[in-house]
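1. Here is a sequence together with a model predicted from it:
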Amino acid sequence: MGKYFGTDGFRGEANKELTFEHAVQIGRFLGWYYGKRLNKKAKVVIGKDTRRSSYMFEYALCTGLTASGADAYIMHVTTTPSVSYIARTDDFDCGIMISASHNPYYDNGIKVVNSNGEKMDEETLERIEEYLDGGVEIPMAERDEIGRTVDYAAGRNRYIGYLIGLSKYSFKNIKVGIDAANGSAWSIAKSVFDAIGAKTYVINAEPDGLNINRDCGSTHIEQLQKFVVENGLNIGFAYDGDADRCLCVDEKGNVVTGDHILYIYGLYMKERGKLLNNKVVTTVMSNFGLYKALDAVDIEYEKTKVGDKYVYENMVKNGHRIGGEQSGHIIFSKYATTGDGILTSLKLMEVMLAKNKPMSELAAPVKFYPQVLKNVRVKSKPDAQNDPDVQAAVQAAAEALGDNGRILVRESGTEPVIRVMVEAPSNEICEKYVDSVIAVIREKGHLI
C-alpha cells in the first residue's frame, strides 16, 4: 500500500485526510497521463455514492480532468461495480468511483479502475502519489485542448439492463426485501428486481447525504432481519454504501454471510461442471466452518490476504471463477471484475430457483465456528510476529486445535497492532489459545 492509496482507494475524512485539492490533482494527473500516453484526448468515466461530499469531489475531479485536456463522463449516483462495467465496455481509458464504501457519511474515498474495470495497478497509483507530493510538473491544456464534461446517465441505465439480462429465471411471486443502505443501490436495485418480476420491498432508500450506512445496510443487517420476518418475505439482501458487497437474510431471518454465499454458489457451479479448477478463493478471515463445509463436498480453496483486491489477483492469476470475503465482497469473474452486491443477489436467487429450495436450506451446511479476535498494541509488528517464542506458542496452539479449529496471527495494515484470532468448537477454547499467545507476546516485552 502507498502513502495515500490503500487496498480500496484513497480514503479519509472529507476535507481532512482527503481534500478537494487532492481530487483536483488526481483528476489533473489522470487527464494528463492518459492523454500523453495514448496521444489523444483521454476519456474518463466518474460515478459517486450518496454522501454529501461526493458532489464536491465529483466537481473537483472534473475540474482537474478537463484542465488537463480530458473529457469527463458523469454517471452521477451509481454503484462501484457499474463504473467498472462501463469503464471496460464503453471504451474508457479509466474510471473513478467516489465512495468510502461502508464508512460513515463524513468519510469519502476515490477509487480508480483501469480500462478493463480492474483496480488500478500499483505503478500508476505510485505516479499519482508522486504528483500529489509535488514531484511532477503537468502542463495546463489550452484552447481547443481543454476538456469537457458529458452527462452519462445512460451508462448507469445500460448497467441496469446488463443485470436484468443475466437472470435465467423469472422472480414472479417471490417477495424480496432490499436494504439499500441509503447509498448507491437506492436507485438501481429495485428497478432490477421489479423488471425480473419480483415483489420488491425496499428499506433505507431515502438518501439525504448524511444517512448513508447509518444503522442500515450490510453493516447493520439486524434491521433487514426484522423486516424480512415481519413481512413474511422469501429472502432479503443488504448492500453497503457503494453496493459492491452484499449480505443476505433467509426467510427465517438468519444472516447469510459472504462465506455462505461462496459455499452455496461454489457448490452450484461444481454440480453443473462450471467450477474451473474445483477451487473457491477466500481470504484468511473466512470462518473455519466454510472450509469444513467445502471439504465435505470435495471443493478445494485458496486463501489470500484480507482485501477483495488480493482475491481478484489470485483469481486472475490462477483462472478461478468465484472468490470473495466473509463481508460480502463476492467476485464472479465470468461477469464482473469486482465485487458486485446486486449481481451477487441475482446469483443467489438463481440457485434458490434452480434447486427449488429456501435459502435457509441452501446455507445450512455451513456451520460457523465460534471466533475470538483480540488486538494487542506492540512496539514493532515484525519483531512481535517473528519472535521464535511467539511463533512456538502459535504452533503449539495450532497443533492442539488440530482439525477442530485454527489460529491466525496477523499484523494490522494501519495500526501498531497484532491481531490474534482463534476459531474452535467453543468460546472457551478460543479464549484459551488466544490468551496463550498474547501472554507470550507480553512476556517477551513486545507490548506498548
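-> Here it is on my side, so go on.
2. ok, which stretches of the stretch 301-448 of the chain are strands?
-> Remark: strands assigned in the stretch 301-448 of the chain by DSSP state E, counting those that start in this stretch are 322-324, 330-332, 371-377, 406-411, 417-423.
3. Please parse this protein into its domains.
-> If you go by automatic domain parsing, the domain ranges for the chain are 5-154, 167-363, 371-443.
4. on that earlier part again, and the strands of the stretch 301-448 of the chain: which comes nearest Arg158?
-> Taking CB to CB, strand 330-332 is the member of the strands of the stretch 301-448 of the chain nearest to Arg158, at 18.8 Å. (C-beta placed from N, C-alpha, C; glycine too.)
5. Just the residues contacting that closest one, thanks.
-> 245-246, 258, 261-262, 265, 308, 311-312, 315, 321-324, 337-340, 343-344, 347 (CB atoms under 8 Å, 6 or more residues apart in numbering).
6. In its sheet, which strands sit next to it, and in what direction?
-> If you go by DSSP bridges, strand 330-332 pairs up with strand 322-324 (antiparallel).
7. for the record, mean pLDDT for the strand it pairs with?
-> If you average the pLDDT over strand 322-324, you get 98.
8. in it, what counts as buried?
-> For strand 322-324, a neighbour-count test (16 or more other CB atoms under 10 Å) marks Ile322, Gly323, Gly324 as buried.
9. One more: stretch 326-346?
-> Going by neighbour count (16+ other CB under 10 Å), the buried part of stretch 326-346 is 326-333, 335-346.
10. okay, how far is it across that stretch, tip to tip?
-> One end of stretch 326-346 to the other measures 18 Å (CA to CA, to the nearest Å).
11. Throw the buried residues of strand 322-324 into CSV and include distance to Gly2, thanks.
-> Listed next are the buried residues of strand 322-324 as CSV, based on distance: CB to CB, whole Å:
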residue, distance to Gly2
Ile322, 29
Gly323, 24
Gly324, 24
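12. for Val366, what are its contacts?
-> Neighbour list for Val366: Asp259, His260, Tyr263, Asn287, Gly289, Leu290, Ala293 [criterion: CB under 8 Å, 6+ apart].
13. My guess is the third one contacts Ala293. True?
-> Meaning Tyr263. Yes: contact between Tyr263 and Ala293 holds when scored by CB atoms under 8 Å: they sit 5.2 Å apart.
14. what residues are shared contacts of these two?
-> In contact with both Tyr263 and Ala293: Pro365, Val366, using CB under 8 Å, 6+ apart.
15. okay, which residue is most central for this protein?
-> His329 (4.3 Å; CA atoms, centre = their mean).
16. how close does the most far-flung residue of the chain relative to its centre get to Val24?
-> The centre of the chain is farthest from one residue, Arg143, which by CA atoms, centre = their mean lies 40.8 Å away. Relative to Val24, Arg143 is positioned 21 Å away (CB to CB, to the nearest Å).
17. same check, this time on Tyr312
-> Look at Tyr312 and Val24: by CB to CB, they are 29 Å apart.
18. Neighbour count for these two, which is higher?
-> Taking neighbours as other CB atoms under 10 Å, Tyr312 and Val24 compare with Tyr312 leading, 24 against 19.
19. so what's the more buried one up against?
-> Glu118, Lys119, Gly323, Ile331, Ser333, Thr337, Thr338 are the contacts of Tyr312 under CB under 8 Å, 6+ apart.
20. So, low pLDDT: which residues of the stretch 301-448 of the chain?
-> 413-414 (pLDDT under 70).
21. about what we covered before: closest to Ser53 out of the buried residues of strand 322-324?
-> Nearest member of these to Ser53, counting by CB to CB, is Gly324, at 28.6 Å.
22. beta partners for the closest one?
-> Going by DSSP bridges, Gly324 is paired in beta bridges with Ile330.
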